[in-house]
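In: structure here, sequence nowhere to be found:
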C-alpha cells in the first residue's frame, strides 16, 4: 500500500470514528502499523483514550532489543494501559542498526520524524502537541534519554522515563555486560566455540571513536529535562549504576530526577509492572504542562 493510499484510508477511518464530536466526547480507539517516515521500518501503533482533548498528554514508547532487534508490539500492554489511563500513546518501530557505525544516528533521525508526525496529527487526532513524554526500556531507554538531550527541541518534550536504560556508552562494565550477553546468546544458538567471538556492540551502533561514544551518552550531555529512572540491582545486561550515576549528576546540577532501585529486580521489570506503571502515571501527570486542564 502506498503512503498516499494509506493516508486516505486512515483519514476516512478517523472521520468515521470521531465524526464531528467535540473535544471531551471522543471515543477511544487503536490503529496499528501507521507509516510515519520513508523507511519500511518507520511504523507506529496509536491508542487514543476516550474523552481526550487538546490538553491530553502524549506518551511515546520506544522498544528495546540492543538497538538491533525488538518490535513496537513489545509495548502493546503498556500502550493499552496508559491509553486506558487517559494518555495518547504511540508505540514505535525504528530502523534497527544493521550498518556499522550508523545505527544511533539513523534511530535519532527516525525519532525526529516521529515527533514531527505526532505534532502534525495533534489537531486531527486530538491530543496535546506541547506535552510529550518519551519512555523506553533498555536500549529504548537509552534512546528516550538521548534524543531530547542531544537534539535541539522546542520544549514540547516534558519528561523522560527510562526502564533499565543506558546512560554511558564509555562504561567498561557496560561493555563487559554486553559482550557476555552476546556470548550467552551464541551459546543458546549453539554457535561453534571458534566462531563465538566477542562483538563490540557499542562500537557497531555508535562507531569506534570514543568521541562518538561520549556524544551518544546522556551522562555527558545532561540538560534540564525531568527524568524518571527505574533499575534493578540484579540486572546482568545493563549495570544498575548507569541509572544511579545519571541521577546523581542530574541532582548535583539541581535538575529534576527521580530514581527507583529494586534490589531484587533484574533486567525484566514485568514483576513490578503494577507498581511501576502507577508511579510513572502520576509522575507524568505531575509534569504535564497542561495539568490544570487535563
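Out: Good, I have the coordinates. Small disclaimer: the values here were computed from a predicted structure and weren't measured.

In: flag the shaky bits of the stretch 101-250 of the chain, pLDDT-wise.
Out: 186, 189-198 (pLDDT under 70).

In: show me the helices in it, by range?
Out: 103-120, 122-125, 139-150, 172-188, 201-206, 210-215, 241-252 (DSSP state H, counting those that start in this stretch).

In: centre of the chain to the third one, how far?
Out: Using Cα atoms, centre = their mean, to the nearest Å, we find the averaged C-alpha position of helix 139-150 to lie 7 Å away from the chain's own average C-alpha position.

In: so residue 269 touches residue 232, yeah?
Out: Yes - if you go by Cβ atoms under 8 Å, residue 269 and residue 232 touch, sitting 7.1 Å apart. For the C-beta atoms, the positions are set from N, CA and C on the backbone; glycine is no exception.

In: which one of the two is surrounded by more residues?
Out: residue 232 (23 against 20; other Cβ atoms under 10 Å).

In: show me what the more buried one is bridged to.
Out: residue 262 (DSSP bridges).

In: that one is in contact with residue 271, isn't it?
Out: No - the pair residue 232 / residue 271 is not scored as a contact, 9.6 Å apart, by Cβ under 8 Å.

In: joint contacts of these two?
Out: residue 265 (Cβ atoms under 8 Å, 6 or more residues apart in numbering).

In: what touches both of residue 269 and residue 232?
Out: Here residue 269 and residue 232 have 164, 262 as joint contacts, going by Cβ under 8 Å, 6+ apart.

In: gap between the closest residue to residue 218 other than its chain neighbours and residue 248?
Out: Once flanking residues are discounted, residue 218 sits nearest to residue 145: 4.1 Å by Cβ to Cβ, 6 or more residues apart in numbering. Distance, residue 145 to residue 248, by Cβ to Cβ, to the nearest Å: 15 Å.

In: higher neighbour count, the two?
Out: Neighbours per residue, other Cβ under 10 Å: of residue 145 and residue 248, the larger number sits with residue 145, 30 against 14.

In: which residues does that one contact?
Out: 136, 160, 162, 165-167, 218, 227, 246.

In: again, but for residue 63
Out: Contact partners of residue 63, counting by Cβ under 8 Å, 6+ apart, are 70-72, 74-75, 91-93, 136-137, 140.

In: please apply the same query to residue 32.
Out: Applying Cβ under 8 Å, 6+ apart to residue 32 gives the contacts 45-46.

In: would it count as being in a strand?
Out: Yes - with DSSP: H, G, I helix; E, B strand; the rest coil as the criterion, residue 32 is part of a strand.

In: quick one, grab the pLDDT at it.
Out: If you check residue 32, the pLDDT there is 96.

In: and residue 292, by the same measure?
Out: Residue 292 is given a pLDDT of 41.

In: in stretch 41-58, what's buried?
Out: 42-49, 52-53, 55-58 (16 or more other Cβ atoms under 10 Å).

In: by neighbour count, which of the contacts of residue 145 wins?
Out: Result: residue 166 is most packed of those (other Cβ under 10 Å), 32 neighbours.

In: excluding chain neighbours, what is closest to that residue?
Out: residue 142 (3.8 Å).

In: touching, the one you found and residue 229? I think so.
Out: No - between residue 142 and residue 229 there is no contact under Cβ under 8 Å: 11.8 Å.

In: what residues do those two have in common as contacts?
Out: Common contact partners of residue 142 and residue 229 (Cβ under 8 Å, 6+ apart): 162, 165.

In: between those two, point out the one with more neighbours.
Out: The neighbour comparison of residue 142 against residue 229 (other Cβ under 10 Å) goes to residue 142, with 29 against 25.

In: for that one, give its distance to residue 207.
Out: On the measure of Cβ to Cβ, residue 142 and residue 207 end up 15 Å apart.

In: go on, residue 27?
Out: To residue 207, residue 27 is 47 Å away according to Cβ to Cβ.

In: same question, residue 106
Out: 12 Å.

In: buried residues in stretch 143-152, which are they?
Out: For stretch 143-152, a neighbour-count test (16+ other Cβ under 10 Å) marks 143-150 as buried.

In: cool, stretch 121-134 as well?
Out: 121-122, 125-134.
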